[in-house]
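Student: Can you look at this prediction? I've put the sequence above it.
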Amino acid sequence: PIGKERLIQTWTRDDVKTWHRTHYRPDNILLYIVGDIDNTDEVEKLIQQKFGHITAAKQAKEIPLRDIKPKASELAQAIVSQPLVVKAQQSWHYPPVCHDWCVPPTYQFSSATDTDTDTTTETDTDIRNYDLQLQQPYPMDENVQFLETDEVAPGKRLRPHIFRHELLQAFSLHLFAKRPVEPIVDLESYRKSLARRVALAALQIRLNVGGRSDDPAFTFVEFNQLDSAREGCAVCSLDMTAEPHRWKDAIIKSLSEIRKLGLYGVTSGEMERYSSALMTDAEQLAAQGDRISHGDQLSYLMETVANGHCFMSSEQSYLQSAKALQTLSLKEVNDAAYELCSHIVSFHESEKPCQGVVIATACCPKDVTSTEDPAYVDEQSLVQTIYEACQLPVEPEEHVHVPHTLISKEELEKATSKYTPKWDVGSFTDGTPNTPADKMTRPFTLRRLATNGIRVGVARNEAESQRGNLRLVAPGGRDAERRLGFKSGSMAVGARAMQEGGAFGTWTREQVELFCVDHLLMVEINCNEEALVIDFTFPTTNVGNIGFGEDMKLGITGTEAVMQIVREILIGFHWEEDALGRGKQSYRTAHESMQKSLEGKSTEKIMESMTSQDDRFLSIDVDTVNAVTLEDAKNAVMSQLQPSDLEISVAGDFDQQEVLDMILEYLGTIPSDANAEYLVEGKDMKFGSVPSLSLPGKHLELELTDSDPRAVSYVAGAAPNMWGYLADGTTVAQRVQEADKRASEYDKQRRAHPLFANVALSLLSEIANRRLFSTVRERKQLTYDANFSLTGFERLMGGWFLVTVTASKEKAQKALEACKETLDALRGSSPISPDNLESAKRVVMNRHEGELRTSSYWATIMSGLQEESIPLKGPLSVTDFHAVVESITTRDLQLTLECLGINDSELYTAIGRTVLPEGYVPPEDEVVKASPMAGMGRGGALKG
């Protein structure tokens, strides 16, 4: 991002200062101020006072390299005067580049972007010939080989570029076209932008939902068009990844979907669905009002002004969206769809060519060299596959019936009459008295469902208007695989299969996924070392609405929709072989990626050594993934979904009583013996500990083939879990009390608080990170980044700390030693100071306060409050947080530090280094591919 290292090494102080004074000058900047400002006149006066004396002329006088001054003037003149430069023609905020626009044959350029405009005169020859796009040869240039543009048919141009690297294990494609940014300044232009968004939403859902067949060709796909101020254009792009041997299938599938949208447009159902989604999105944003952060407002303002759009408040945007969407027609959306897809549609032999060139950049593994290998790809085969994919026939999209509700009233009434739902008290293990079953409490309401034992927590959070989060936790995770005798990896692979599936009751996966799209639900299912976690994000208002204004027919709320999904996951989920296949593929890809990642592979090696190859804490290898059957996955996951073991935490901008009533209705009617057939009897149901470290510690060295020379160092050792339990069953509080023989009664009382260890470890992490930064980076200058982290288990006893430091290969060992010295210094030569403690307290409390504004954080901190397997976590961990943080002393932290295994003999260390691949060509001699020179195509290298 900052340039080639060999060029950077030649820079002098005068070079850097000259660059700064040439470009960072008053007439070349814009100052944006967003915030709680009462008196704008005072602000303007202050700006004048602070910056008014700085002038461009004064800056120019400070340019040390005198011969650069006239060149700086020529550059400035060329930027604003050279024809076709978007900075001069369209927006002062754009970079000084020329683009080769790729637009439909009927596209009408505005005067600002007219590609035939040339206003230079004979006297402007120097300006016109100024090498703004750096096409001429310069000292220290690489050996350049210009990219070729293929004319696949008369007037139809495609420019391929392929990048190969030894660490890549997947095929990826970035196929894009550049278009002029169309300023949104009135209702007509806003309607067109909304029509484009409806079309894009329809295509993305088709690719994600319909495109995921029994054996999907791609692992990721996204089609979008974004106005980019940084690029000075609108970029319409297809981004896709696939297994190397499936790259042709992936291109065919994705391009067929794009052509289908361009030729036939969206269905009336899609038009209705995504218009409603846009309206709900605008409504949610308007509801945020002045609660939108200044940072977000600033980014939006800068991007809007840079692209020439009209800046609107969230309320104005909502009103204009309602006005535009009420009259938006299907034809307008389909016209926008054709324009979006025109660069792909035009490659068909019967279509007229687009103006301009389409660029295809592919990345693939370097070790595939045989042309007979299905994974082999070169420029010729890439162009041929893209062109042939555009000749295949496509049919209009079939209409899919999407339910407005997954569970009928009749079905719910039947369940209610059979299993009469009612509430029970909430009970805790941290010393908090039981909470009543019939009253709401603050800051959250905690109860249990008497019918089945599901633990429930509900909190209201108005900071995120009209939005909510729900977290469902089933304790067990990969630890349960071992305790309950399931096949290794079955729990994790099963969770991913559940994520990839989604068929419930009488509904297919596609119908359920479109139901989630209609109701703006996001679902994420994960399995970690100690729990199965299902997270939902949802709107709390009515969604899936039909029509506008007085004719609007309201759908159910997002809150009710998410309750229906939760109920169906627990008692109506269909396990499908194709979903398992997709889940297994994602794990295979993740493992293969880790094997080619220096950081990933090094971390894996040190964890293998520390855990004695305990697979609960390691990535799941390909053979293990392949061995998991659908029955294995189903039995493992469903064994965890026993109602009495579950905890559901909901937070959001809603009426708490309404949500409690919904939970009672939808989840209180789940029978207590649901999924009992999967329950494993006679096994140890209690969580154990992490493996004890074998001492003394070890040092590991690892090498990974990579042309980029770099290294990463690790220092690791034993640590307590998040609540202070160590692997041997003792606690931080016990050890601290035993070590401090002179402790006062107040000390003992403070350390006996269930939150003591949790807070002490958080503060300790913050202090360790600051020390590493100041010592290893700032003082010794051995690294760019050093990080201290704890594993943070809640149920498993014990854990580990891990210090990660990136460095050059030459400095890796010194950086590792510096990290060890820093940790050791905390214990002796440079103990924790009161200033260290106060600074850490501010950071921890400010972070907590900031995160309390998000519903996801509320759902996270409520999870486990009623869970017996986390005995120290209860309501006190939230209500007493500030008091406990404020009470911690430096003595507390010094004693807590002794609970970590940071003696030299207890440390596990590792250094991972890259080694050059065999036959590697050094960068100085490497041929660098670039776009055609100016004269070979309008605009030169930076245009495409």
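Tutor: The structure has been received and is ready for your questions.
Student: Just the mean pLDDT for stretch 90-102, thanks.
Tutor: Averaging pLDDT along stretch 90-102 yields 88.
Student: List the buried residues in that stretch.
Tutor: Neighbour-count burial for stretch 90-102 flags Gln90, Ser91, His93, Tyr94, Pro95, Pro96, Val97, Cys98, His99, Asp100, Trp101, Cys102 (criterion: 16 or more other C-beta atoms under 10 Å). Bear in mind the C-beta positions are built from the backbone N, C-alpha and C, glycine included.
Student: Would you mind listing the two of those residues that lie farthest apart?
Tutor: Comparing every pair within these by C-beta to C-beta identifies His93 and Cys102 as the most remote, at 22.2 Å.
Student: Would you mind splitting the protein into its domains for me?
Tutor: 1-81, 160-389, 409-678, 699-915 (automatic domain parsing).
Student: just how off-centre is the second one within its chain?
Tutor: Using C-alpha atoms, centre = their mean, to the nearest Å, we find the averaged C-alpha position of domain 160-389 to lie 18 Å away from the chain's own average C-alpha position.
Student: in the protein, what secondary structure element scores lowest on mean pLDDT?
Tutor: Within the chain, no helix or strand scores below strand 927-930, which has a mean of 58 by mean pLDDT, DSSP states H and E.
Student: in this protein, which residue is closest to the centre?
Tutor: Centroid check for the chain by C-alpha atoms, centre = their mean gives Glu524 as the closest residue, at 12.6 Å.
Student: Residues touching the longest helix anywhere in the chain, excluding its own?
Tutor: Of all the segments of type helix in the chain, defined by DSSP state H, the longest one is helix 268-288. By C-beta atoms under 8 Å, 6 or more residues apart in numbering, the residues outside helix 268-288 that reach it are 194, 197-198, 201-202, 205, 266, 292, 314-315, 317-318, 321-322, 325, 328, 330, 333, 397, 399-400, 402, 464-467, 514, 517-518, 520, 539, 541, 543-546, 548, 653.
Student: redo that, cut-off 7 Å
Tutor: Contacts of helix 268-288 with the rest of the structure, by C-beta atoms under 7 Å, 6 or more residues apart in numbering, involve 194, 197-198, 201-202, 314-315, 317-318, 321-322, 325, 328, 330, 333, 399, 465-467, 518, 520, 539, 541, 543-546.
Student: Just those residues: which are in helices?
Tutor: Short answer: the contacts of helix 268-288 in helices (DSSP H) are 194, 197-198, 201-202, 314-315, 317-318, 321-322, 325, 330, 333, 518.
Student: follow-up on the earlier one: can I get the longest helix of the chain in CSV? Just the C-alpha atoms.
Tutor: Output in CSV follows, covering the C-alpha atoms of helix 268-288 (Å, rounded to 0.1, in the frame of the first residue of the first chain):
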residue,chain,number,x,y,z
SER,A,268,-43.0,-8.9,-10.1
GLY,A,269,-42.5,-10.8,-6.8
GLU,A,270,-38.8,-9.8,-6.7
MET,A,271,-39.8,-6.2,-7.4
GLU,A,272,-42.3,-6.2,-4.6
ARG,A,273,-39.9,-8.0,-2.2
TYR,A,274,-36.8,-5.8,-2.7
SER,A,275,-38.7,-2.5,-2.9
SER,A,276,-40.1,-3.4,0.5
ALA,A,277,-36.7,-4.2,1.8
LEU,A,278,-35.3,-0.9,0.6
MET,A,279,-38.1,0.9,2.3
THR,A,280,-37.5,-0.9,5.6
ASP,A,281,-33.8,-0.2,5.4
ALA,A,282,-34.5,3.6,4.8
GLU,A,283,-37.0,3.5,7.7
GLN,A,284,-34.5,1.9,10.1
LEU,A,285,-31.9,4.5,9.1
ALA,A,286,-34.3,7.4,9.7
ALA,A,287,-35.2,5.9,13.1
GLN,A,288,-31.5,6.2,14.0
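Student: What segments of the stretch 251-400 of the chain are strands?
Tutor: 357-365 (DSSP state E, counting those that start in this stretch).
Student: Flag the shaky bits of this structure, pLDDT-wise.
Tutor: In the predicted model, the chain carries pLDDT under 70 at residues 1-3, 110-126, 140, 143-144, 210-214, 547-551, 919-944.
Student: If we use 50, what do you get?
Tutor: Applying pLDDT under 50 to the chain flags the ranges 1, 116-123, 925, 932-944.
Student: that older thread, out of the contacts of helix 268-288, which are buried?
Tutor: With burial judged by 16+ other C-beta under 10 Å, the buried subset of these is 194, 197-198, 201-202, 314, 317-318, 321, 325, 328, 330, 333, 465-467, 518, 520, 539, 541, 543-545.
Student: got a list of what the residue nearest to Pro95 when sequence neighbours are not counted touches?
Tutor: Distances taken as C-beta to C-beta, 6 or more residues apart in numbering place Gly232 nearest to Pro95, at 5.1 Å, with adjacent residues excluded. Contact analysis of Gly232 by C-beta under 7 Å, 6+ apart lists Val86, Lys87, Tyr94, Pro95, Val97, His99.
Student: Isn't the last one up against Lys178?
Tutor: Translated: His99. Yes. Counting by C-beta atoms under 7 Å, Lys178 is a contact partner of His99 at 4.9 Å.
Student: who touches both of the two?
Tutor: Residues touching both His99 and Lys178 (C-beta under 7 Å, 6+ apart) are Cys233.
Student: count of neighbours near Trp11?
Tutor: By the criterion of other C-beta atoms under 10 Å, Trp11 has 11 neighbours.
Student: From Ile63, how far off is it?
Tutor: 15 Å (C-beta to C-beta, to the nearest Å).
Student: and the next element down the chain from the host helix or strand of Gln145?
Tutor: Element membership for Gln145 (DSSP states H and E) is strand 143-146. Remark: after strand 143-146, the chain's next helix or strand is strand 150-153, criterion DSSP H and E.
Student: buried sites along that following strand?
Tutor: Asp150, Val152, Ala153.
Student: What helices and strands are in contact with that strand?
Tutor: strand 156-165, helix 379-389 (3 or more C-beta pairs under 7 Å, 6 or more residues apart in numbering; DSSP states H and E).
Student: From the chain's centroid, how far away is that strand?
Tutor: Distance, centroid of strand 150-153 to centroid of chain: 38 Å (C-alpha atoms, centre = their mean).
Student: what pairs with it, and is each one parallel or antiparallel?
Tutor: strand 156-165 (antiparallel) (DSSP bridges).
Student: and the angle from the strand it pairs with to strand 357-365?
Tutor: Relative orientation of strand 156-165 and strand 357-365, computed by axes from the mean of the first three to the mean of the last three C-alpha atoms, to 10 degrees: 20 degrees.
Student: quick revisit: angle of the longest helix of the chain against helix 314-327?
Tutor: Going by the same axes, to 10 degrees, helix 268-288 makes 160 degrees with helix 314-327.
Student: begin at 32 from here
Tutor: From this message on, residue numbering opens at 32, which makes the last subject helix 299-319.
Student: Return the set of buried residues in helix 299-319.
Tutor: 300-319.
Student: same check, this time on stretch 195-204
Tutor: His196, Glu197, Leu198, Leu199, Gln200, Ala201, Phe202, Ser203, Leu204.
Student: okay if I get the residues you listed as TSV plus distance to Thr476 and secondary structure?
Tutor: Putting the buried residues of stretch 195-204 into TSV (distance: C-beta to C-beta, whole Å; DSSP: H, G, I helix; E, B strand; the rest coil) gives the following:
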residue	distance to Thr476	secondary structure
His196	53	strand
Glu197	56	coil
Leu198	50	coil
Leu199	51	coil
Gln200	48	coil
Ala201	47	coil
Phe202	51	strand
Ser203	47	strand
Leu204	50	strand
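Student: neighbours of the closest residue to Phe648 other than its chain neighbours, just the number please.
Tutor: Distances taken as C-beta to C-beta, 6+ apart put Thr642 closest to Phe648, at 4.9 Å, once the chain neighbours are dropped. Neighbours of Thr642 under the rule other C-beta under 10 Å: 17.
Student: Any chance of the backbone angles for Thr642?
Tutor: phi -100, psi 0 (degrees, to the nearest 10).
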